[in-house]
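Participant: Prediction below, plus the sequence it came from.
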Amino acid sequence: MCIRDRKHGARYLAHVGDVPGLHLAALCRRDRAAGEAEARARGCRFHAEPEALLADPAVDAVVLVVPPTLTVRFATAAARAGKALIIEKPLAPTVAACRTIADAVERAGVTAMVAHTLRFNAVVRALRHAVPTLGPLHAAVLSQRFEPSTLGWLDRRAESGGGIILHTGVHSFDALRFLTGREAVRVSAVANRVATRDTEDNFAAILEMDDGLLASVSGSRATVGRSGAVELAGRDAQLVGDHVHGTAARVVGTRRTDVALPPPAMTVSAVLAEFAAAVTEQRAPAITIGDGAQSVAIAEACYRSVAAGGRSMDVERW
């Protein structure tokens, strides 16, 4: 069921058993010795080559957790093999690659979901529920901060397809769309390198959204702490929160009132559960290929802006 990298794929393997109806049939991993040992421990088959896993008749669905430069190859092959798909974000490094995947999925008629797990975070969901209390929205701010990654391939552009704009920025771009219900029209961005050598690990972007909403999105992988700040400002109030630290509040004047949060969710389990339900019910999943592609379109516009010295660039509409 799983083609994976070492870190993120392990999360899916750990939570497959959380969802009734899902069963781990097989896995594929670049480290053959580690993969074979893991398969024995989990009681499933090991395939040394991804194509062998995709051809396995016992595999009905595939969780694809690979560098985005490989998603076109494996996602299109999985679709041709008739396998339902979860694709870890980012969907692909470019909009053109996203279209290739979307075309293959449509031709095959398989269920495909992009794992923008942040949509299932308790703070993000609580803030989205409270947005109607703000009156008309006019501003949004999202930022994510992380420690430098230990995954070496992330800083090899030929393999990763990009840096933090592509790999973490898409999380915030999708969360912005999810929280506001608006689409990005134009973006201007700047980026630099703090700890990395080949890819950016620090960026800031200004997005012009539908209906005049202005948004700021930034991210870095160059600190010793983590945070996930969100601010939403409307005519009647503000919402502030942090999806890493589990806080959310509504602000009117200088008065701050906590927003009730749903129980904390294991976001990977929630993605797997939504995917299983979509397959069973033969419906579109909550996060579609189009959703994943639109976040990549924003990232692509950011990269064009960075290359142009921060000049505003149109965002391609999916």
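Facilitator: Now that the structure is in, tell me what you want to look at.
Participant: which element is Ala233 on?
Facilitator: strand 227-234 (DSSP states H and E).
Participant: Name the next helix or strand following that strand along the chain.
Facilitator: Following strand 227-234 in sequence, per DSSP H and E, is strand 238-242.
Participant: Give the pairing partners of the strand holding Ala233; include direction for each.
Facilitator: Strand 227-234 sits in its sheet next to strand 137-146 (antiparallel), strand 238-242 (antiparallel), going by DSSP bridges.
Participant: contact partners of the shortest one?
Facilitator: Identification of contacts with strand 238-242 by Cβ atoms under 8 Å, 6 or more residues apart in numbering yields 123-124, 126-127, 130-131, 134, 227-232, 247-252, 256, 259. Yep, even glycine has a C-beta here, placed from its N, CA and C like the rest.
Participant: try 10 Å this time
Facilitator: For strand 238-242, contacts defined as Cβ atoms under 10 Å, 6 or more residues apart in numbering pick out 121-124, 126-128, 130-131, 133-134, 137, 139-141, 143, 179, 226-233, 247-253, 256, 258-259, 261.
Participant: Determine how far it lies from the middle of the whole chain.
Facilitator: Distance of strand 238-242 from its chain centroid, counting by Cα atoms, centre = their mean, to the nearest Å, is 21 Å.
Participant: Keeping just the C-alphas, turn the strand holding Ala233 into PDB.
Facilitator: The C-alpha trace of strand 227-234 is given here as PDB (Å, rounded to 0.1, in the frame of the first residue of the first chain):
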ATOM      1  CA  SER A 227       5.300  27.700  15.500                       C
ATOM      2  CA  GLY A 228       2.300  28.000  13.200                       C
ATOM      3  CA  ALA A 229       0.700  31.400  13.600                       C
ATOM      4  CA  VAL A 230      -2.600  32.400  12.000                       C
ATOM      5  CA  GLU A 231      -4.300  35.800  12.100                       C
ATOM      6  CA  LEU A 232      -7.600  36.600  10.400                       C
ATOM      7  CA  ALA A 233      -9.000  40.100  10.500                       C
ATOM      8  CA  GLY A 234     -12.600  41.100   9.600                       C
END
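Participant: Sort out which residues of that strand are buried, please.
Facilitator: Gly228, Ala229, Val230, Glu231, Leu232, Ala233, Gly234 (16 or more other Cβ atoms under 10 Å).
Participant: now stretch 110-118
Facilitator: Val110, Thr111, Ala112, Met113, Val114, Ala115, His116, Thr117, Leu118.
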